[in-house]
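In: Here's my sequence, what's the structure:
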Amino acid sequence: MNTIREEIGIRKDKFNIERKLLVGKIDYINASPVYYGLDHGLVPDWIDMVEGPPAVLNAMIQNLQLDISPVSSAFYGMNYKDLLILPDLSISCHDEVLSVVLMSDFPIEELDGKTVVLTQDSATSSALVRLISARKKIFPRFITKRLRALSDVPYQAHAAMVIGDAAMTQPWEDRFRYRMDLGKLWHDSTGMPFVFALWVVRKECARKRYDEVKKALDLFYRSRRDGYCNIDRVIASGAQRLGLKSSYVRRYFELLHCDLDSLKIKALDYFFLSLYENGLLPEKVDVTFF
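Out: Presented below is the predicted three-dimensional model:
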């Protein structure tokens, strides 16, 4: 059986040990607490920060253009043999999340055979919609494309799964009747939290540049601590950027979590096992930490 490295065609790494450590950054406000300190002077001269949406960061770490990055949890599941999870970092929720929603003309139970558009920006959210559908024994027709504005929705769509800042700012209710929060759908079904994104390091980088990766991890912890110590500033910045009320953004950050405790790890294992059992992953996933 081919390894995942062979299947996705990742070339052998050729490290230039002198170059800077390349670190990804999500360009949504959901990761703002984690990057607060890094955004306010903590980035050392041996790190280069690269910003992009989740799908772009996924591709960059797959193509050896990043060493450390947040990635979609499902992407880790598909590439776990090449990656290590950085401990105690995630984007997760215990119930509602607000920024990952399925907008629909119908209740989810009535979407069998209907056209559901999935955003190309998140492997995890797309996998979650497919998994929830499989668990409910409904089989929509899925299309994957860019979904960042109401104008991106095809006319024939009966539902659209949208994420990130666009999920909270675009007037989706002008087109769809129902707003279903995927964090809540998962929690109602399993009683578990859900982990949307993880921070990972490529195994080859961890082996060759262990000390730098350890220092980068410590910087993330310090940066996150600074973020929560300055959460009012994080909220004000997010509200200004998205044109939302501060009270709404505050609630958002109260629902969102950036740690990775034992319960979330258990939920992550269960998510990967469920994807495998429903034919959405080709093999069982070993969750392995740096």
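In: Strands along this structure, start to end?
Out: Assigned by DSSP state E, the strands in the chain fall at 21-26, 47-52, 68-72, 83-93, 100-104, 115-119, 141-145, 159-163, 178-181, 194-202, 256-257.
In: Output the ones you listed as a markdown table; include the columns distance to residue 222 and mean neighbour count.
Out: Bear in mind the C-beta positions are built from the backbone N, C-alpha and C, glycine included. A markdown table is the format used below for these (distance: least, Cβ to Cβ, whole Å; neighbours: other Cβ atoms under 10 Å):
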| stretch | distance to residue 222 | mean neighbour count |
| --- | --- | --- |
| strand 21-26 | 14 | 21 |
| strand 47-52 | 13 | 15 |
| strand 68-72 | 15 | 28 |
| strand 83-93 | 12 | 23 |
| strand 100-104 | 28 | 26 |
| strand 115-119 | 32 | 23 |
| strand 141-145 | 37 | 14 |
| strand 159-163 | 28 | 26 |
| strand 178-181 | 32 | 17 |
| strand 194-202 | 14 | 27 |
| strand 256-257 | 18 | 20 |
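In: would you list the ones you listed in TSV and tack on distance to residue 250?
Out: Converted to TSV, these look like this (distance: least, Cβ to Cβ, whole Å):
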stretch	distance to residue 250
strand 21-26	20
strand 47-52	24
strand 68-72	22
strand 83-93	15
strand 100-104	18
strand 115-119	25
strand 141-145	32
strand 159-163	20
strand 178-181	17
strand 194-202	20
strand 256-257	11
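In: would a markdown table of these with mean pLDDT and distance to residue 232 be doable?
Out: Below are those laid out as a markdown table (pLDDT from 0 to 100; distance: least, Cβ to Cβ, whole Å):
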| stretch | mean pLDDT | distance to residue 232 |
| --- | --- | --- |
| strand 21-26 | 96 | 21 |
| strand 47-52 | 95 | 23 |
| strand 68-72 | 97 | 24 |
| strand 83-93 | 98 | 20 |
| strand 100-104 | 96 | 25 |
| strand 115-119 | 95 | 30 |
| strand 141-145 | 95 | 37 |
| strand 159-163 | 95 | 25 |
| strand 178-181 | 96 | 25 |
| strand 194-202 | 97 | 24 |
| strand 256-257 | 96 | 16 |
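In: closest to residue 188 out of these?
Out: The closest of these to residue 188 is strand 178-181. By Cβ to Cβ, the value is 9.7 Å.
In: Listing partners with orientation, what would you give for that closest one?
Out: strand 100-104 (antiparallel) (DSSP bridges).
In: angle of the partner strand against strand 194-202?
Out: 130 degrees (axes from the mean of the first three to the mean of the last three Cα atoms, to 10 degrees).
In: Could you find the closest non-adjacent residue to residue 144?
Out: Spatial nearest neighbour of residue 144, excluding adjacent residues (Cβ to Cβ, 6 or more residues apart in numbering): residue 118 at 4.7 Å.
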